[in-house]
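*Asks:* Dropping the sequence and predicted coords here.
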Amino acid sequence: MNIYVVMKRTFDTEEKISIQNGKISEDSAEFIINPYDEYAIEEALKLRDKHGGEVTVVTIGEEEAEKELRTALAMGADKAVLIDEEELEEGDEFSTTAILSAYFKEKDVDIILAGNVTVDGGSGQVGPRLAEELGISIVTTITKLTIEENKAVIERDAEGDIETVETTLPLLVTCQQGLNEPRYPSLPGIMKAKKKPLEKLELDDLDIDEEDVEAKTKVLDRFLPPVKGDGKVLDGEIPQQVKELASLLVTEAKVI
């Protein structure tokens, strides 16, 4: 099987994040593989181990993203591809989809796996957009995947319920928590990753003109949520607490 994973380098939401001039400061942020993409990588490895073939992890980013690609290779992926977007001043979901579709249009794809969302943008648009551009089936928020020959049986999260979908390859799926438990890179895996192929491409290599993939949207500002103040403990009997709470919601919180 020709198995591909679309991966993104994102900041670690468990680390302290600071913003300078409307942008996340890379000096203070710790970067990792987007957590939802880890489920996609793990599922890709399981498919390869069962059906044979190769797992190729693809990301769009700058040179720093090589670290996360090496992590994916250490997990067990066979190949990695870094598409350098340094020439692009600002990108969005349209830009990402246009670049990825240019890469995949010449590839013989059986299945593409991606995270359901990214923790930095959270739009969940790239997977469906890419499938539309490639003219292949798309199933989102999957929690179980079974492939036999050319048929896939998939369970997906449907707002708290489970929906079962049957479709055929080629196919793109987006993965979320509950699908599997991503493995940690082993020491032998880390050593092997250093020798595995990591291909670096530029937009010119994909016959892409910068103006053709310019962002269709513009970010006006980024800011951290306001710091929470100290809470209040209400004293007295329940009726008195209720009366005081109602008063605070009107005079201080101004929500009623």
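*Replies:* Noted; the coordinates are in hand.
*Asks:* Pro197 reaches Lys79, doesn't it?
*Replies:* Yes. In this structure, Pro197 is within contact of Lys79 by CB atoms under 8 Å, at 5.1 Å. Just so you know, the C-beta spots here come from the backbone N, C-alpha and C atoms, and that holds for glycine as well.
*Asks:* who has more neighbours, these two?
*Replies:* The neighbour count for Pro197 versus Lys79, taken as other CB atoms under 10 Å, is higher for Lys79 (17 against 10).
*Asks:* which residues does the more buried one contact?
*Replies:* Lys79 makes contact with 54-57, 73, 196-199, according to CB atoms under 8 Å, 6 or more residues apart in numbering.
*Asks:* What is the nearest of the residues you listed to Glu93?
*Replies:* Nearest to Glu93, judged by CB to CB, of these is Val57 at 19.7 Å.
*Asks:* same for the helix or strand harbouring that closest one, what does it pack against?
*Replies:* According to DSSP states H and E, Val57 maps onto strand 54-61. On a contact count with 3 or more CB pairs under 8 Å, 6 or more residues apart in numbering; DSSP states H and E, strand 54-61 meets strand 2-7, helix 35-51, helix 66-75, strand 79-84, helix 93-104.
*Asks:* Tabulate the ones you listed (TSV), appending mean pLDDT and distance to Leu187.
*Replies:* Formatted as TSV, the helices and strands packed on strand 54-61 follow (pLDDT from 0 to 100; distance: least, CB to CB, whole Å):
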stretch	mean pLDDT	distance to Leu187
strand 2-7	98	22
helix 35-51	97	17
helix 66-75	97	9
strand 79-84	96	19
helix 93-104	95	32
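*Asks:* winner for burial among those?
*Replies:* strand 2-7 (a mean of 24; mean count of other CB atoms under 10 Å).
*Asks:* If I take it and helix 66-75, what angle do their directions form?
*Replies:* Angle of strand 2-7 versus helix 66-75, following axes from the mean of the first three to the mean of the last three CA atoms, to 10 degrees, is 140 degrees.
*Asks:* from the chain's centre, how far out does the helix or strand that strand 2-7 is followed by sit?
*Replies:* Past strand 2-7, further along toward the C-terminus, the next helix or strand under DSSP H and E is strand 9-11. Centroid displacement of strand 9-11 relative to its chain, using CA atoms, centre = their mean, to the nearest Å, is 9 Å.
*Asks:* right, and the helix or strand after strand 9-11?
*Replies:* Sequence order places strand 19-20 as the next helix or strand after strand 9-11, per DSSP H and E.
*Asks:* What pairs with that following strand, parallel or antiparallel?
*Replies:* According to DSSP bridges, strand 19-20 has the following sheet partners: strand 23-24 (antiparallel).
*Asks:* Residues touching the partner strand, excluding its own?
*Replies:* Applying CB under 8 Å, 6+ apart, the contact partners of strand 23-24 are 11, 17-18, 120, 222.
*Asks:* rewinding a little: type out the ChimeraX command that picks the buried ones from the contacts of Lys79.
*Replies:* Buried subset of the contacts of Lys79, written as a ChimeraX selection, criterion 16 or more other CB atoms under 10 Å:
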select :55,56,57,73,196,198
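*Asks:* can the contacts of Lys79 go into TSV with extra columns for distance to Pro182?
*Replies:* TSV is the format used below for the contacts of Lys79 (distance: CB to CB, whole Å):
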residue	distance to Pro182
Glu54	19
Val55	13
Thr56	18
Val57	13
Leu73	14
Lys196	18
Pro197	22
Leu198	20
Glu199	23
